[in-house]
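Peer 1: Compute the structure for the input listed below.
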Amino acid sequence: MVCLLALAYMICQCTSSLSFFSNVPVRKNHLNANKLIGTNMKKPLLLLMILVLQPAGYSQEKSPAPKLSLLMFGDYFYNIEQVDARKKDLNGFQFRRIFLTADFALSESFDSRFRLESEQTQASLTPGGRLGFMLKDAFIKWKGIFQGSDFIFGLSPTPAFDVIEGAWGYRAVEKTIMDYSGVLATRDLGIDLKGRLNEAASINYWVKIGNNSVNSPEVNKYKRYYAQLHFIPFPNFQVAIYGDYASNAAIMDSVENTSKEHGIILGNVFLNFMQKDQYSIGTEFFYRSDRNSSRPNAGRPLETVNGIGISVFGWLRLTDLIRILARYDTIDPNIDRGNNNSNLLIGGIDFHINKNVSIIPNIESAFYQGVSSKDVVGRVTFSYQYQ
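Peer 2: Numbering: from 1, shown residues only. I've put the predicted structure just below:
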């Protein structure tokens with residue numbers, strides 16, 4: 001119990017004293033998506049963490065101690081070139097992610113997770129502009145609700161990212177393309193059913209119904225419906241097919257004087273060859289359709305905006321200490337209109353000091369169709385975890 005209180009005290013100290021040099025985000029042609037809407041809940045979240053952890057020390061029947069884990073990564077960054085010339089040569093030190101996680105084994109059939117996150121976004125900053133914490137995960141899992149399947153309730157990951165992020169392996173360097181471009185949030189509050197469809201677990205599924213409001217309270221009756229199929233047809237090769245539909249209220253088109261559908265359709269396909277700890281080569285493609293969401297000119301009816309993105313990445317282990325990594329993304333937020341593509345190129349070297357610590361010098365270049373200059377950021381990324 002003393003250790004848990006000490007941990008809570010550490011969070012308080014971090015959130016009240018940490019500051020960082022904020023790197024101005026790379027300009028991107030983002031497709032609109034629901035952004036994380038956090039509240040500056042430093043003290044309430046800290047109190048909640050203490051209350052959640054406290055029963056482990058005082059319950060009449062001794063429960064297993066929660067498993068605590070920590071993930072942190074940050075950088076020294078230097079803006080080598082920027083579209084906004086005022087930001088050129090900006091440099092400094094930053095934390096881009098801190099995860100503090102408690103996993104609870106409630107019984108043989110039930111698990112729970114409680115996770116706090118801090119990162120360089122407005123969602124987790126305090127009113128004074130310092131690093132704070134926001135709620136990232138809070139869910140309960142009913143394991144084996146029926147053979148081969150688990151049921152989850154709460155704030156939990158959306159199905160699109162786990163397989164792809166596991167294959168990419170370098171979230172410390174950059175988000176995967178759908179997260180990077182903002183087409184889909186990584187969390188939603190709702191219910192999930194996930195598991196295997198055969199004994200060999202070579203065909204797996206994940207379905208979810210969520211509020212489509214990330215970690216904000218629900219304010220309407222409309223929901224988002226997610227589904228993924230994950231295939232492992234033979235060793236070292238996997239395929240993931242994902243789709244979702246976000247329902248919205250119909251929108252009135254004043255030009256045609258008709259009510260039109262206003263939902264969002266998103267699809268994604270991912271292919272990956274990977275040998276654990278040796279190499280990974282992957283590609284993913286997404287298509288997003290925002291129904292009747294744009295009016296190109298006054299007097300014109302509403303139009304559907306269709307966007308696509310393609311990402312190709314790979315990493316290779318050269319020695320026990322050194323890996324190399326590279327990635328290329330291209331994003332077109334509206335395929336029916338020209339001159340709006342953006343592209344991202346990433347390269348780096350991972351000095352894998354041990355299984356929990358990496359130092360990754362890397363460079364990221366974002367360039368845009370119709371713009372002569374580009375955004376180039378050099379970084380030395382430090383990534384470490386305790387689990």
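
Peer 1: Got the phi and psi for residue 167?
Peer 2: With angles defined as degrees, to the nearest 10, residue 167 sits at phi -80, psi -40.

Peer 1: if I look at it, how far off is residue 155?
Peer 2: With the distance defined as Cβ to Cβ, to the nearest Å, residue 167 ends up 25 Å from residue 155. From N, CA and C alone the C-beta is placed, and that goes for glycine too.

Peer 1: Residue 95 now?
Peer 2: 22 Å.

Peer 1: before we move on, what about residue 375?
Peer 2: Per Cβ to Cβ, residue 375 is found 32 Å from residue 155.

Peer 1: Same question for residue 362.
Peer 2: 31 Å.

Peer 1: swap in residue 187?
Peer 2: Using Cβ to Cβ, residue 187 is found at 6 Å from residue 155.

Peer 1: just residue 92 next, same as before
Peer 2: 32 Å.

Peer 1: Compare the two and say which is more crowded by neighbours.
Peer 2: residue 155 (21 against 13; other Cβ atoms under 10 Å).

Peer 1: show me the contacts for that one.
Peer 2: 135, 136, 137, 138, 139, 187, 188, 189, 215 (Cβ atoms under 8 Å, 6 or more residues apart in numbering).

Peer 1: 7 Å - rerun?
Peer 2: 135, 137, 138, 139, 187, 189, 215 (Cβ atoms under 7 Å, 6 or more residues apart in numbering).

Peer 1: Nearest to residue 387, out of those: which one, please.
Peer 2: For those, the closest approach to residue 387 (Cβ to Cβ) belongs to residue 137, at 15.0 Å.

Peer 1: Isn't the closest one up against residue 115?
Peer 2: Yes: contact criterion Cβ atoms under 7 Å: residue 137 and residue 115 qualify, at 3.8 Å.

Peer 1: Identify the bridge partners of residue 188.
Peer 2: Listed beta-bridge partners, residue 188: residue 156 (assigned using DSSP bridges).

Peer 1: who are the neighbours in contact with it?
Peer 2: 158, 210, 211, 212, 214, 224.

Peer 1: Repeat that for residue 203.
Peer 2: With contacts defined as Cβ under 7 Å, 6+ apart, the neighbours of residue 203 are 196, 197, 231.

Peer 1: separation between it and residue 218?
Peer 2: Distance check for residue 203 against residue 218: by Cβ to Cβ, it reads 33 Å.

Peer 1: The stretch 151-300 of the chain: helices as residue ranges?
Peer 2: 162-168, 177-181 (DSSP state H, counting those that start in this stretch).

Peer 1: Tell me which of those helices lies nearest to residue 77.
Peer 2: Among the helices of the stretch 151-300 of the chain, helix 177-181 sits nearest to residue 77 (Cβ to Cβ), with 16.4 Å.

Peer 1: count of neighbours near residue 193?
Peer 2: Residue 193: 16 surrounding residues under other Cβ under 10 Å.

Peer 1: ditto for residue 255
Peer 2: With other Cβ under 10 Å as criterion, residue 255 counts 12.

Peer 1: ok, back up a step: buried by neighbour count, from the contacts of residue 188: which ones?
Peer 2: 158, 210, 211, 212, 214, 224 (16 or more other Cβ atoms under 10 Å).

Peer 1: Least confident of those?
Peer 2: Among the buried ones among the contacts of residue 188, residue 214 has the lowest pLDDT, at 90.

Peer 1: for that residue, phi and psi?
Peer 2: When quoted as degrees, to the nearest 10, the phi and psi of residue 214 stand at phi 60, psi -120.

Peer 1: quick one: it and residue 157, what's the gap?
Peer 2: 11 Å.

Peer 1: and for those two, which residues touch both?
Peer 2: Joint contacts of residue 214 and residue 157 (Cβ under 7 Å, 6+ apart) are residue 187.

Peer 1: List the buried residues in the host helix or strand of residue 72.
Peer 2: Taking DSSP states H and E as the criterion, residue 72 maps to strand 67-81. For strand 67-81, burial by neighbour count (16+ other Cβ under 10 Å) applies to 71, 72, 73, 74, 75, 77, 78, 79, 80, 81.

Peer 1: For these, give me JSON lines that also has pLDDT and distance to residue 175.
Peer 2: JSON lines is the format used below for the buried residues of strand 67-81 (pLDDT from 0 to 100; distance: Cβ to Cβ, whole Å):
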{"residue": "71", "pLDDT": "97", "distance to residue 175": "15"}
{"residue": "72", "pLDDT": "96", "distance to residue 175": "16"}
{"residue": "73", "pLDDT": "96", "distance to residue 175": "12"}
{"residue": "74", "pLDDT": "96", "distance to residue 175": "15"}
{"residue": "75", "pLDDT": "96", "distance to residue 175": "14"}
{"residue": "77", "pLDDT": "97", "distance to residue 175": "16"}
{"residue": "78", "pLDDT": "98", "distance to residue 175": "20"}
{"residue": "79", "pLDDT": "97", "distance to residue 175": "19"}
{"residue": "80", "pLDDT": "97", "distance to residue 175": "21"}
{"residue": "81", "pLDDT": "96", "distance to residue 175": "21"}
